[in-house]
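>>> Model the structure of this input:
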Amino acid sequence: MAISEVEFKKEKKILSKVHKLLGDTLEELGDCVIQDEDNLKEFKKMMWENANDFDDMEAQQVMYATALEADKAYQRQKYFKKLNSIKNKPYFASIVFKDDEGEIFNIYMSLTYLKDSDTNNILYDWRSPICSLFYDYETGPCSYKAPGGIYSGELKRKRQYKIEDNKLLGVFDNSLNIDDEVLQEVLARESSDKMKNVVNTIQQEQNKVIRNLDDNNLIVQGIAGSGKTTVALHRIAFLLYQLKNLSSNDILIFSPNNIFTEYISDVLPSLGEDNTLQTTFADYLSTFIDEYKDVENFTDFVSRYYSYSEINPDLVEYKQSDQIIDDLDAYLDNYISNCKFTSNFTEGDKNLILKDDLNEMLHDRYSKLPLFERIDEMAKKLSSNYYKGSSKKVKTFLKLFRENSNFVKDYKKIFKDFFMSEYCRFKLDEKDINKFINKETINYEDALIYTYIKGTLEGFLYEGRIKQVIIDEAQDYNRLQYIIINNIFKKADFTILGDINQNINPYYHYKSLESLKDLFRGDTKYLELLKTYRSSPEIIDYTNKILNLKHVNAIRRDNNKPVIIRKGVSDIKTRMVEDIKTLQNEYKSTAVITKDFNEAEKIYNLIHDDIDISLVDHNSKKFKKDLIIIPAYVSKGLEFDSVIIYNDRNNTYKKNERNLLYVACTRCQHELYIYN
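Below is the predicted model:
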């Protein structure tokens, strides 16, 4: 609801005052930043010239003091950058809150804080406790939780602003509901090359995920277009604000592919925070599996299925199943229990070491350690015992262990032996096993098993420095992956986000992501995001029918553009080029989404001479979304103004591939064409 002319003039004066204060603060802070740089340069010069005059204690004290000053300088520089980023749009919303004592607070919300000369807050960071009222309540009774306790009162007003280049273009009083003017304006905008922050339109159900500090782990089931990834990134920004010992380098995001990593790369910087560590699961495993040249990525893994190039899908399904976890555990328990030293041996001329003593150490004294870690510890212990605390004979003892035992640290052999053992439920001959064992690049499904075997026998690659792990597209990870992740990140809290309806892993399915709760340490909460903000109601109606869904709530207003079905087109090239040009005239971004990469290449070769279009696969780290051709399983997490779904009549989506079609169609915001 637009405000009165009198109120509008008042708001213009407030904006003018904030603009002046912001300019003065930036000027003053800029001088401090320059002075900080000069001081640090001068100190480094002084240290270099007088290094020989300091004793160790003095040098340590000076270095410690300098590190503190350097940190303060860094924080000032970071704050300067934040203020500079909001200089043309200092705030986006405000609330008027009356507490139970009758005191009234007029809170202007921004991407960062701003104080006046009397250290009064003029702008409040959107992540501060009191700002949660804007996202969680309509006008009326309300409360918020802060370090000092719970504060109750009445929310008198919620207001949003449209500001460009420090000009007040619009002011709206609203309840941030479905009819909210600012939200609808944002939803109506064309998509951009990269995901953007949405601090001005965060909804109540999203805010519950973003601001949750009560639970160690969150599992979030969100329908297509519900803002799962956006919520995850804003949650990271919130945690960085709230948890003082948390930095961006303490957070790891597992992304579905490199395209997605690039697509989200601007969100955290736009919120004033550094980007976190990011990787794909396959890339992370490649740091642990050094016995193979590389690890197949997830996209190529699913591509084998959807392009029908996988010769034994039943075997892959077994490798992805929960059942194989029990089989691996039984196999490894038996393997470890049968490992033994087979003979006594001597080290030097007089040190007789009995095999019974060694086996007692192996299976009793060091039994809590992984097998090959036991061996290392035994070698250290024997070297210390027989050589007066020295560790110089550790390698000698390790060599003697190898020569006098019935087991060897050969993970490829152990991996292979599992498939030849009675514990493997899928019977294979050695020739078939060698086909996936003896490869330079290990298959994705085999990499999970291989990592589990290696981690169980020697210990997983423990990452104690990581405090927060974010997993997007969680439905595409099987249970074994979560077990591996939990063993690696033992001190981390987790935010798991996914949608069981967007599962594109054809070998593994969840009835509910809530079933993951038992895998995580600490308090774990399951939440759902049930509103979609991406697609028009017409597109939502169509995509619902693909999977027989009825629970999706569309927030966008109708655009009166039905889904267009192209059937029996005789001249694909001419028809598609015409449709693309029509969509390009109206929208910024258009994607042609195919079932697999072979189809994408085929369409690209067909039309690229007539229209400037880019072919995208999972290796494309940078791309422009204006006009692309992309396989469905690479398009996950992306969104486009308009989408053309193409699948060849000889390569249609089968019944068990409906989830992939659903993913493709739900990438679209405004207008959807189906070539079927």
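
>>> Now do the contacts for the closest residue to residue 198 other than its chain neighbours.
Distances taken as C-beta to C-beta, 6 or more residues apart in numbering place residue 230 nearest to residue 198, at 5.6 Å, with adjacent residues excluded. To be clear about C-beta, it is placed using only N, CA and C from the backbone, and glycine gets the same treatment. Neighbour list for residue 230: 195, 197, 198, 206, 267 [criterion: C-beta atoms under 8 Å, 6 or more residues apart in numbering].

>>> ranking the residues you listed by neighbours, who comes first?
When these are compared by neighbour count (other C-beta atoms under 10 Å), residue 206 ends up highest, at 25 neighbours.

>>> does that one really touch residue 527, like I thought?
No: at 9.9 Å, residue 206 does not count as touching residue 527 under the criterion of C-beta atoms under 8 Å.

>>> And the residue nearest in space to the middle of the chain, how close does it get to residue 663?
Nearest to the mean C-alpha position of the chain, by C-alpha atoms, centre = their mean, lies residue 253 at 3.5 Å. Counting by C-beta to C-beta, to the nearest Å, the gap from residue 253 to residue 663 is 20 Å.

>>> and what of residue 675?
For residue 675, the distance to residue 663 - C-beta to C-beta - is 17 Å.

>>> ranges for the helices of the stretch 51-200 of the chain?
56-85, 132-136, 181-188 (DSSP state H, counting those that start in this stretch).

>>> neighbouring contacts of the following helix or strand past the last one?
By that I understand helix 181-188. The helix or strand immediately downstream of helix 181-188 is helix 204-210, counting by DSSP states H and E. The contact list for helix 204-210 (C-beta under 8 Å, 6+ apart) reads 132, 135-136, 176, 202, 218, 220, 226-227, 230-231, 234-235, 238, 495, 527-531.

>>> switch to 6 Å and redo it
Helix 204-210 has contacts (C-beta atoms under 6 Å, 6 or more residues apart in numbering) with 135, 136, 220, 227, 231, 234, 235, 238, 527, 529.

>>> And that helix, what's buried?
For helix 204-210, the neighbour count (16 or more other C-beta atoms under 10 Å) marks 205, 206, 207, 208, 209, 210 as buried.

>>> rewinding a little: confirm the residue nearest to residue 198 sits in a helix?
Yes: counting by DSSP: H, G, I helix; E, B strand; the rest coil, residue 230 is found in a helix.

>>> I'd like to know how far residue 590 sits from residue 224.
Residue 590 sits 19 Å away from residue 224 when distances are taken as C-beta to C-beta.

>>> the more surrounded of the two?
residue 590 (25 against 22).

>>> beta partners of the more buried one?
residue 627, residue 642 (DSSP bridges).

>>> Partner strands of the longest strand along the chain and their direction?
In the chain, taking DSSP state E as the definition, the longest strand is strand 149-164. Strand 149-164 pairs in its sheet with strand 93-99 (antiparallel), strand 140-146 (antiparallel), strand 167-173 (antiparallel), by DSSP bridges.

>>> Residues contacting the first one, please?
In other words, strand 93-99. Here strand 93-99 has contacts from 104-109, 133-134, 153-160, using C-beta under 6 Å, 6+ apart.

>>> change it to 7 Å
Here strand 93-99 makes contact (C-beta atoms under 7 Å, 6 or more residues apart in numbering) with 104-109, 130, 133-134, 151, 153-161, 200.

>>> Got a PyMOL select line for the buried ones in those?
Buried subset of those, written as a PyMOL selection, criterion 16+ other C-beta under 10 Å:
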select buried, resi 105+107+108+109+130+133+134+151+153+155+158+159+160+161+200
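
>>> where does the stretch 501-650 of the chain dip in pLDDT?
Residues of the stretch 501-650 of the chain meeting the criterion pLDDT under 70: 551-554, 556-558, 621-623.

>>> number of nearby residues for residue 110?
Residue 110 has 25 neighbouring residues, counting by other C-beta under 10 Å.

>>> Quick check: closest non-adjacent residue to residue 446.
Per C-beta to C-beta, 6+ apart, closest to residue 446 is residue 436, 5.7 Å.

>>> Distance check, that neighbour against residue 618.
The value you get for residue 436 to residue 618, if C-beta to C-beta is used, is 21 Å.

>>> can you check residue 164 too?
37 Å.

>>> repeat for residue 357
Per C-beta to C-beta, residue 357 is found 54 Å from residue 618.

>>> Residue 524 too?
31 Å.

>>> hang on, the earlier thing: lowest average confidence across the helices of the stretch 51-200 of the chain, which one?
Among the helices of the stretch 51-200 of the chain, helix 181-188 has the lowest mean pLDDT, at a mean of 56.

>>> which residues sit against stretch 406-423?
Taking C-beta under 7 Å, 6+ apart as the rule, stretch 406-423 contacts 291, 327-328, 330-331, 335, 339-340, 342, 372, 402, 424, 428, 430, 433, 437, 450, 453-454.

>>> at 6 Å what do you get?
In contact with stretch 406-423 (C-beta under 6 Å, 6+ apart) are residues 291, 327, 330-331, 339-340, 342, 372, 424, 428, 433, 437, 450, 453-454.

>>> which two in those residues are spaced the farthest apart?
342 and 428 (29.9 Å; C-beta to C-beta).

>>> Any idea how many residues pack against residue 149?
7.

>>> Run through the bridge partners of it.
The partner residues for residue 149, given DSSP bridges, come to residue 146.
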